[in-house]
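Trainee: give me a model of this one.
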Amino acid sequence: MQKVRLTIKGLSYSERQTGAYALLLAEENGQRKLPIVIGVSEAQSIAIALEKAVSPPRPLSHDLFKNVLESFSISLREVVIHKIQDGVFFASLYTEGNGKTEIIDSRPSDAVALAIRFKCPIYTTEDVLEKAGLILEDDKGESKSISVSSEENVSNTQSTASPIESASLNDLKDMMARAIASEDYELAARLRDEIEKRTNN
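Mentor: As a prediction, this is how the structure comes out:
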């Protein structure tokens, strides 16, 4: 199996498709991108983990899973998105602990959420990239509208404008802090995306 390392390029919300988020993974030393539609709770968990300055008041499910693994001296070595079948991606967790290596079946969104927390690499295979990888370009070298495969047979999503775009950057940061404090992680993820978009421009 020829592995290709991936980085997390972005996470976008679709107002046209309720509860749909697009996780965009990029080939580390290449131009191909791997877009995957994921669920709301997994998107929230990934967004919170990426926002280093913010910590939820109580552990999320992926935080709990990490804590349980570590309490048994088990670490996550890497995650591999190894197959796409009928538009659905499959991933595996490679764990090490107590002198044993285990491979655990996982959805890609859960695998990525855990990889961020364990700070371990994310890989896919050359075969998956050939089947589902895209080269997405606009005037900044990034896609504004993408067709993606899914974990749950949702086939398309598109980023659209949000009412929060009218708020100032400081207001957005305050709103995100309040959303996290009240455990409204869906709103927090959307606010984080808007903050990231403005600071990267």
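
Trainee: just checking, what packs against the helix or strand where Ala113 lies?
Mentor: If you go by DSSP states H and E, Ala113 is part of helix 108-118. Packing partners of helix 108-118 (3 or more Cβ pairs under 8 Å, 6 or more residues apart in numbering; DSSP states H and E): strand 20-27, strand 33-38, helix 40-50, helix 61-71, strand 74-85, strand 88-97, strand 122-125. For the C-beta atoms, the positions are set from N, CA and C on the backbone; glycine is no exception.

Trainee: how near is Arg190 to Arg107?
Mentor: Arg190 sits at a distance of 22 Å from Arg107 (criterion: Cβ to Cβ, to the nearest Å).

Trainee: I meant to write Glu70 there.
Mentor: 21 Å.

Trainee: who's more crowded, the two?
Mentor: Shown here are Glu70 and Arg107; by other Cβ atoms under 10 Å, Arg107 has more neighbours (19 against 14).

Trainee: just the CA trace of the helix holding Ala113, in CSV.
Mentor: The C-alpha coordinates for helix 108-118 follow below in CSV (Å, rounded to 0.1, in the frame of the first residue of the first chain):
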residue,chain,number,x,y,z
PRO,A,108,-12.5,9.4,8.3
SER,A,109,-14.0,12.2,10.3
ASP,A,110,-13.5,10.4,13.6
ALA,A,111,-10.0,9.4,12.5
VAL,A,112,-9.1,13.0,11.7
ALA,A,113,-10.6,14.4,14.9
LEU,A,114,-8.4,11.9,16.9
ALA,A,115,-5.3,12.5,14.7
ILE,A,116,-5.4,16.2,15.6
ARG,A,117,-5.6,15.4,19.3
PHE,A,118,-2.8,12.9,19.2
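
Trainee: how about residues contacting that helix?
Mentor: Applying Cβ atoms under 8 Å, 6 or more residues apart in numbering, the contact partners of helix 108-118 are 8, 23, 25, 36, 38-39, 42-43, 45-46, 49-50, 62-63, 65-66, 75-76, 78-79, 81, 89-93, 106, 121-122, 151.
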